[in-house]
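Enquirer: Task: produce atomic coordinates for the following.
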Amino acid sequence: MNNESEHSVVIAFGNPKTRKKVWELLASNVKLSFPVLIHPQALLMNKERITLGRGVVIFPFSILTTDIVLSDNCLVHTRASVHHDVSVGAHSVIMPGARLVMSEQFEEATFVESNYFKPHSF
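Expert: Now for the predicted structure:
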């Protein structure tokens, strides 16, 4: 085995603080890469206008629409939906069924609970 080879790493912890700690331990190692993993049954509606950082993992039946930023090491669980103009900070976890909509901004290492929804008034 060549010691110069690159290895892919997926951080699978669901706790944002743990995700951040593991990332900080590993991210500076130039022999490691953090691929983006998108389940084939996830729906990315406007891929050209969705920005995904390193190590983002998107589970099946998740929906991402347009003008979205998911920073490094984010996890989007099953049936979560992320809609237009949403930005999610690094190491964040979006739990199943959460709905992030209309220009919401989430800080680094945020835990978005299952079935989260913040209605907007117009």
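Enquirer: what's next to stretch 66-73, contact-wise?
Expert: 11, 19-20, 23, 34, 45-46, 49-56, 64, 76, 82-92, 108 (Cβ atoms under 8 Å, 6 or more residues apart in numbering). From N, CA and C alone the C-beta is placed, and that goes for glycine too.
Enquirer: Mind giving me the ChimeraX select for these, buried ones only?
Expert: Under the burial definition 16 or more other Cβ atoms under 10 Å, those of these that qualify are selected in ChimeraX by:
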select :11,19,20,23,34,50,52,53,54,55,56,64,76,82,83,84,86,87,88,89,90,91,92
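Enquirer: Out of the contacts of stretch 66-73, list just those in strands.
Expert: Residues of the contacts of stretch 66-73 located in strands (DSSP state E): 50, 51, 52, 64, 76, 82, 87, 88.
Enquirer: In this structure the third one contacts residue 36, no?
Expert: Read it as residue 52. Yes: Residue 52 is within contact range of residue 36, at 5.1 Å (criterion: Cβ atoms under 8 Å).
Enquirer: Residue ranges in this structure under the pLDDT threshold?
Expert: Applying pLDDT under 70 to the chain picks out residues 1-5, 121-122.
Enquirer: Do you have the helices of it handy? List them.
Expert: Counting by DSSP state H, the chain has these helices, from start to end: 16-26.
Enquirer: so who does the residue most central in space within it touch?
Expert: Centroid-nearest residue in the chain: residue 74, 2.7 Å away (criterion: Cα atoms, centre = their mean). Residues near residue 74 by Cβ under 8 Å, 6+ apart: 53, 55, 56, 57, 88, 90, 91, 92, 93, 94.
Enquirer: what about 7 Å?
Expert: By Cβ atoms under 7 Å, 6 or more residues apart in numbering, the contact list for residue 74 reads 53, 56, 88, 90, 92.
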